[in-house]
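1. Here is a sequence with its predicted model. Questions after.
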Amino acid sequence: MDIKNKIIVAIDTIDSVQALKLVKTIPGAGAIKLGLEYFCFNGPEGIKLISKTGAKIFLDLKFHDIPNTVAGAIKAILHLQPYMITVHLSGGYDMLIRANEAVTEYCIKNSVKKPIILGVSVLTSLDEKDFISLGIKGKVQEQVIRLAKLAQNTGLDGLVSSAKELKIIRKEIGQNLLLVTPGIRPTGGQINDQKRIVTPSQAINDGANFLVIGRPITAAKDPKEALNYIAKEV
């Protein structure tokens with residue numbers, strides 16, 4: 001398998017023209033992650049624009065609301081045929097079950113491929129100091145495991161989690177869930193706003209199925225070469 005298929009490139013601009021130009025330079029990437037900022041500015045048409053390149057879309061909107069609202073919101077974006085979507089695991093059991101049901105029902109009814117549903121555990125921008133301010137007891141690792149088990153119990157396909165917790169997640173829940181890992185920086189890369197980061201090779205060795213990498217590729221002078229370099233590093 002080409003290791004580039006495991007690399008999801010995170011687009012961090014709201015400029016759809018710039019995003020489109022960038023995506024065309026990295027056709028070998030496993031998927032393109034488009035998040036909340038991009039979607040809020042460009043809407044569904046902005047997603048379609050990128051999809052026309054043939055790129056798989058990781059639509060990272062992190063749905064989190066009451067069960068019926070989340071189910072309705074997810075159904076509203078499924079016509080875009082995303083490759084992956086995200087829901088916040090902290091939304092709870094009922095919300096996650098309803099989200100999964102809504103996706104399954106829609107895809108069967110419309111004869112489309114079911115997207116990978118990923119549960120977001122603890123954001124990589126958070127650490128234990130943040131937990132104190134939020135009133136959450138225990139360590140980040142403990143919360144991640146609780147949420148990983150919730151993802152498994154509600155039938156989700158995978159989990160978004162820092163690579164710092166990959167080993168313990170694999171130990172606790174085995175190989176049943178796909179693990180998608182943000183906060184990845186190549187050797188020598190800048191940390192920026194991520195607090196819990198690792199290198200690409202370490203993340204793959206620790207059990208990640210996909211790596212989410214943004215600025216080390218998108219901000220490079222030659223994004224295609226940066227993607228190839230990271231693949232070689234792994």
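-> Sure thing, it's come through. Numbering: from 1, shown residues only.

2. By residue count, what's the longest strand in this structure?
-> For the chain, the longest strand by residue count, based on DSSP state E, is strand 57-63.

3. And the contacts of that one?
-> Here strand 57-63 makes contact (Cβ atoms under 8 Å, 6 or more residues apart in numbering) with 8, 31-36, 39, 47, 50-51, 70, 73-74, 77, 80-88, 91, 99, 115, 120, 212. Just so you know, the C-beta spots here come from the backbone N, C-alpha and C atoms, and that holds for glycine as well.

4. What subset of these is buried?
-> Buried members of the contacts of strand 57-63, counted by 16 or more other Cβ atoms under 10 Å: 8, 31-35, 39, 47, 50-51, 70, 73-74, 77, 80-88, 91, 99, 115, 120, 212.

5. pLDDT below threshold where in the chain?
-> 1, 187-197 (pLDDT under 70).

6. show me where it has helices.
-> 16-25, 36-51, 67-77, 93-110, 128-134, 140-153, 166-173, 200-205, 215-218, 223-233 (DSSP state H).

7. what angle separates the first one from helix 223-233?
-> On the basis of axes from the mean of the first three to the mean of the last three Cα atoms, to 10 degrees, helix 16-25 is oriented at 50 degrees to helix 223-233.

8. Against which helices or strands is helix 16-25 packed?
-> Using 3 or more Cβ pairs under 8 Å, 6 or more residues apart in numbering; DSSP states H and E, the elements in contact with helix 16-25 are helix 36-51, helix 223-233.

9. quick one: that helix to helix 36-51, angle?
-> Orientation check (the same axes, to 10 degrees): helix 16-25 against helix 36-51 gives 60 degrees.

10. buried residues in helix 16-25?
-> Across helix 16-25, burial judged by 16+ other Cβ under 10 Å covers 16, 19-20, 22-23, 25.

11. angle of that helix against strand 57-63?
-> 130 degrees.

12. which other residues reach helix 16-25?
-> Under Cβ under 8 Å, 6+ apart, the answer for helix 16-25 is 9, 11, 13, 32, 34, 38, 41-42, 46, 49-50, 53, 55, 218, 223-224.

13. how about a cut-off of 10 Å?
-> Under the criterion Cβ atoms under 10 Å, 6 or more residues apart in numbering, residues 9, 11-13, 15, 29, 32, 34, 38, 41-43, 45-47, 49-55, 57, 217-218, 220, 222-227 lie in contact with helix 16-25.
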